[in-house]
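*Asks:* Okay, predicted coordinates and the sequence, questions at the end:
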Amino acid sequence: MTTLIAWAAVDQRRVSSIYIASDSRISWGSSHLWDQGCKTFAAAETPHIFGYWGDVLFPSIALPTVLDQLAASAISPTSSGFSAIGGAIQSLWTDYPKPEKRDFGIVMATRRGRGMEAVFELGIMTFEASTETWDIREADMPESSSQLHLAGSGSTEVRKAWHLWEDSSQGGTSRAIYSAFAEALAEGKDPRSGGGPQLVALQQTGPGRRFGTVYQGKRYLAGAQIQESAARATAVNWFNELFERVDGGDGRRLVNAQRHAPRRSKRA
């Protein structure tokens, strides 16, 4: 399955970025696991990011196709909403083998405008196999940093960790949301979620962005574990479990990066 979380970071009462984070485990029943599966996607040329949960096969094949179509302008999203992208996904689904159709969901974020004029949107698209029905809705944007969507087999554990972080001195921040996700993943209570965290974002300018993560002393990019030398050569930003910007090579917090404190209760 998957543990997936999407959230908005708010600065001066305006959404300044949207993030999607996921684990990297793909499982076949209870006996076969693979901890390097890519479940999040960032468009290299357009302001779009995606993630999925539930059944793995269709979204993992369909979303790269959607990214290619966006890059080639074969999909021209309307000024608001996700009907064009949703239509492209459903078109790919039309001749998908019926015995292989299973429940899944996709989160997708986009941005209209840029800089201080940027308007962010997040869509949630689901397919229910038992009724063969689709649903797509948009999440309301918050006035303070907050979760937008939490899904997957590990969502209960992330929610528990998030409540602890919200009750800490770090509560109400974007870093608390990611730290709660990383903490729940590290505890390993959901056997269907595992591997390293993967992270994509949509900021006020530019296309979708892929970030590297340093987690339990290892380096991950798009779910895949990579070596220190490879991490040093990348041109992406790296974050640790506390959502601090770090050096992808040695894992240390960057000199000019903000320090983030571990979780402590407000009553402590």
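*Replies:* Received, thanks. Bear in mind the structure is a predicted one, so any value in this text is a computation, not a measurement. Numbers count the residues shown, from 1 in each chain.

*Asks:* Quick check: pLDDT value at Met1.
*Replies:* Met1 is assigned 68 on the pLDDT scale.

*Asks:* How about the one 4 residues further on?
*Replies:* At Ile5, the predicted lDDT confidence score is 99.

*Asks:* Tell me how many other residues surround it.
*Replies:* 29 (other Cβ atoms under 10 Å). From N, CA and C alone the C-beta is placed, and that goes for glycine too.

*Asks:* what's the answer for Met125, then?
*Replies:* Neighbour count for Met125, taken as other Cβ under 10 Å: 21.

*Asks:* And the host helix or strand of it, what's buried?
*Replies:* In this structure, Met125 is located in strand 119-128 according to DSSP states H and E. Neighbour-count burial for strand 119-128, counted by 16 or more other Cβ atoms under 10 Å, picks out Phe120, Glu121, Leu122, Gly123, Ile124, Met125, Thr126, Phe127.

*Asks:* can I assume the second one is in contact with Glu138?
*Replies:* Yes - under the criterion of Cβ atoms under 8 Å, Glu121 lies in contact with Glu138, with a separation of 6.1 Å.

*Asks:* Mutual contacts of the two, please.
*Replies:* Residues touching both Glu121 and Glu138 by Cβ atoms under 8 Å, 6 or more residues apart in numbering: Gly81, Phe82.

*Asks:* For Gly172, see how far away Thr234 is.
*Replies:* 31 Å (Cβ to Cβ, to the nearest Å).

*Asks:* okay, now Gln147: neighbour count?
*Replies:* Residues contacting Gln147 under the criterion other Cβ under 10 Å number 18.

*Asks:* roughly how far apart are the closest residue to Leu33 other than its chain neighbours and Gly195?
*Replies:* Distances taken as Cβ to Cβ, 6 or more residues apart in numbering put Ser27 closest to Leu33, at 5.2 Å, once the chain neighbours are dropped. For Ser27, the distance to Gly195 under the criterion Cβ to Cβ works out to 11 Å.

*Asks:* Between the two, which is the more surrounded one?
*Replies:* When Ser27 is set against Gly195 and neighbours are counted by other Cβ under 10 Å, the residue ahead is Gly195, at 23 against 19.

*Asks:* Quick check: the more buried one touching Gln36?
*Replies:* Yes - in this structure Gly195 lies within contact range of Gln36 using Cβ under 8 Å: 6.2 Å.

*Asks:* what residues are shared contacts of these two?
*Replies:* In the contact map built from Cβ under 8 Å, 6+ apart, the residues linked to both Gly195 and Gln36 are Ser24, Gly223, Gln225.
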